[in-house]
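Visitor: I need the structure of the sequence given here:
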Amino acid sequence: MILLVDAGNTRVKWRVIAADAPARALAEGAVGHAEIDMLAAACRAWPGLARVFGCNVAGTSVAARIATACAPLRVDWLLPTAARAGVRNLYENPERLGADRWAALIGARHSHAGPCLVVTAGTATTVDLLSAAGDFLGGLILPGVELMQQALARGTAQLPLAEGHFAWQPRRTVDAIRSGCLQAQTGAVERMFRQIAEHPGALCLLGGGAADSFADLLEIPLRRTDNLVLTGLGTVATLPAPPTH
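Guide: Below you'll find the predicted structure:
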């Protein structure tokens, strides 16, 4: 069995899979950064674990704490490459792509056969184009919904950090802020989707903790799908190791 770990900006998500059935989760969960030590309990609960495989965008200190929690098992981290698991990375410098985006693209490739827009809405929102041939064509990174609202509150004297509601024609400041942030998310997603909209089978795969805040506003073919990062990690973890030369 394999423990998969997705160390994000605010939470660490995990999943246990069997090496011969990566698509089926035996167990899964999530912990905040302050609760990383709880991963040790997940390791103890599955004594048959042979490997820990993950991706990390939360920094070296989080990686070290995960390694301590999972000891004596070694944690192997996914590194972006030029190609893996049916996805070709067309970034100018493939190794500079975020490991979480790389894992999500691989997860998307193994979840949908056609062209897709891979959107993960969390602390940041990533919007990545994947062709039907498996080419990662490029993508966007923008502040997530809550981060946008926080930036307005921090950077202005009179715009509050308050709970507003979406409206097509907002008539309260708090609603104008909330609606503006949600419209910014949907606008970025829909503009990117235009690049593949005419291709057969084109689909937006939308996940992340903030996805539900604007999913209903999107006017494109859409599938809500969470944990594409873990799906991609499971795919890579159960493939033969790539050649070293």
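Visitor: can you point me to the longest helix in the protein?
Guide: Assignment by DSSP state H gives helix 173-193 as the longest helix of the chain.
Visitor: List the buried residues of that one.
Guide: Residues of helix 173-193 classed as buried: 174-175, 177-182, 184-186, 188-190, 192-193 (neighbour count, 16 or more other CB atoms under 10 Å). Yep, even glycine has a C-beta here, placed from its N, CA and C like the rest.
Visitor: ditto for stretch 40-49
Guide: Buried residues in stretch 40-49, defined by neighbour count with 16+ other CB under 10 Å: 42-43, 49.
Visitor: Can you give the contact residues for that stretch?
Guide: Defining contact as CB atoms under 8 Å, 6 or more residues apart in numbering, one finds that stretch 40-49 is touched by 1-3, 14, 16, 26-27, 29, 52, 69-70, 73.
Visitor: at 6 Å instead, please
Guide: For stretch 40-49, the external contacting residues (CB atoms under 6 Å, 6 or more residues apart in numbering) are 1, 3, 16, 69-70.
Visitor: How is the chain divided into domains?
Guide: Annotated domains of the chain cover 1-111+232-245, 113-224 [automatic domain parsing].
Visitor: okay, the ones you listed in JSON lines with mean pLDDT next?
Guide: Formatted as JSON lines, the domains of the chain follow (pLDDT from 0 to 100):
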{"stretch": "domain 1-111+232-245", "mean pLDDT": "89"}
{"stretch": "domain 113-224", "mean pLDDT": "92"}
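Visitor: Could you identify the buried members of the contacts of stretch 40-49?
Guide: Taking 16+ other CB under 10 Å as the criterion, what is buried in the contacts of stretch 40-49 is 1, 3, 16, 69-70.
Visitor: Relative to residue 38, which of the residues you listed is nearest.
Guide: Minimum distance to residue 38 across these is 7.6 Å, recorded for residue 69 (CB to CB).
Visitor: TSV for the buried ones among the contacts of stretch 40-49, including distance to residue 215 and secondary structure?
Guide: Formatted as TSV, the buried ones among the contacts of stretch 40-49 follow (distance: CB to CB, whole Å; DSSP: H, G, I helix; E, B strand; the rest coil):
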residue	distance to residue 215	secondary structure
1	33	coil
3	30	strand
16	28	strand
69	33	helix
70	34	helix
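Visitor: Tell me which two of these sit farthest apart.
Guide: Spanning the widest gap among the buried ones among the contacts of stretch 40-49 are 1 and 69, at 16.7 Å by CB to CB.
Visitor: quick one: what helix or strand has the residue nearest in space to the middle of the chain in it?
Guide: For the chain, the residue nearest the mean C-alpha position is residue 120 (4.7 Å; CA atoms, centre = their mean). Here residue 120, judged by DSSP states H and E, is contained in strand 116-121.
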